[in-house]
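Chemist: Sequence plus the predicted model coming up.
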Amino acid sequence: MEASKEKANIRKFLLENRDAISFDLIKIASKAIHKNLKKIDDFRQAKFIAGYYPIGSEVKTQEIMQEVLADGKTLALPKVRGEDLEFRKVTDFGNLEKSGFGIMEPKDWCNIIEDIDVILVPTVGITRDGIRLGYGYGYYDRFLKKTGAKIIALTYAKQIVRNIPQAENDIKVNWIVTESECIDASKRG
């Protein structure tokens, strides 16, 4: 089976699996992921943090973002521009608006942030050595290729799989944070 078809099958299975999680369990797991995220030195010491506003059954990041802002750090969220992502500074959720994709994005007047210490990325699935499966559009991989930021994937433990076919343009993550553990993927594989 060709890699892209295999990825599509894995993606479909994992999204169905993730979407079956109850909202209450998502909230509980997201709180535990937030707690575990704070154990990672790269995250704690970062001054410029790129995050994402969750959609559907993704890990809820609102409390993480509120804490980043409360700690006086710079928070940037992604905005789709053509085929690319740019990260723009957000000072509160009032800086956001719903995009054409139905995703909350920074408004056009928010400043672009180039220097990012840590980027939190959503995942559909991931391997323990950091091969991330996204939604298949490549936005994050194109951005991650250009940044020196530490990459931290936030995911539920049940989204970790043994194998994901890796394409040449797939960028591996440095850390994986679940409700039960922090995995230093840069020391694996």
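Modeler: The structure has been received and is ready for your questions. This one's a predicted model, so the numbers in the text were calculated from it and none came from an experiment.

Chemist: Which residue ranges of this protein form strands?
Modeler: In the chain, the strands defined using DSSP state E lie at 48-50, 74-81, 84-90, 96-98, 104-106, 118-122, 125-126, 132-133, 150-154, 175-177, 182-184.

Chemist: residues touching the most centrally placed residue in the chain, list them.
Modeler: Nearest residue to the geometric centre of the chain (Cα atoms, centre = their mean): Val121, 1.4 Å. Taking Cβ atoms under 8 Å, 6 or more residues apart in numbering, we find Val121 in contact with 52, 132, 134, 140, 144, 151-154, 173. Where C-beta positions appear, they are placed from N, C-alpha and C, glycine not excepted.

Chemist: next one: Glu58
Modeler: 18, 52, 122.

Chemist: Repeat the analysis, applying 6 Å as the threshold.
Modeler: Pro122 (Cβ atoms under 6 Å, 6 or more residues apart in numbering).

Chemist: next one: the one 5 residues further on
Modeler: Residues near Glu63 by Cβ under 6 Å, 6+ apart: His34.

Chemist: coming back round to it: got a markdown table for the strands of the chain, with distance to Gln62 too?
Modeler: Converted to a markdown table, these look like this (distance: least, Cβ to Cβ, whole Å):
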| stretch | distance to Gln62 |
| --- | --- |
| strand 48-50 | 14 |
| strand 74-81 | 11 |
| strand 84-90 | 12 |
| strand 96-98 | 11 |
| strand 104-106 | 10 |
| strand 118-122 | 12 |
| strand 125-126 | 22 |
| strand 132-133 | 22 |
| strand 150-154 | 12 |
| strand 175-177 | 16 |
| strand 182-184 | 21 |
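
Chemist: Including mean pLDDT and distance to Lys12, could those go into JSON lines?
Modeler: Shown next, in JSON lines, are the strands of the chain (pLDDT from 0 to 100; distance: least, Cβ to Cβ, whole Å):
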{"stretch": "strand 48-50", "mean pLDDT": "97", "distance to Lys12": "28"}
{"stretch": "strand 74-81", "mean pLDDT": "94", "distance to Lys12": "23"}
{"stretch": "strand 84-90", "mean pLDDT": "94", "distance to Lys12": "24"}
{"stretch": "strand 96-98", "mean pLDDT": "94", "distance to Lys12": "26"}
{"stretch": "strand 104-106", "mean pLDDT": "95", "distance to Lys12": "25"}
{"stretch": "strand 118-122", "mean pLDDT": "96", "distance to Lys12": "17"}
{"stretch": "strand 125-126", "mean pLDDT": "94", "distance to Lys12": "11"}
{"stretch": "strand 132-133", "mean pLDDT": "91", "distance to Lys12": "11"}
{"stretch": "strand 150-154", "mean pLDDT": "97", "distance to Lys12": "19"}
{"stretch": "strand 175-177", "mean pLDDT": "97", "distance to Lys12": "21"}
{"stretch": "strand 182-184", "mean pLDDT": "95", "distance to Lys12": "24"}
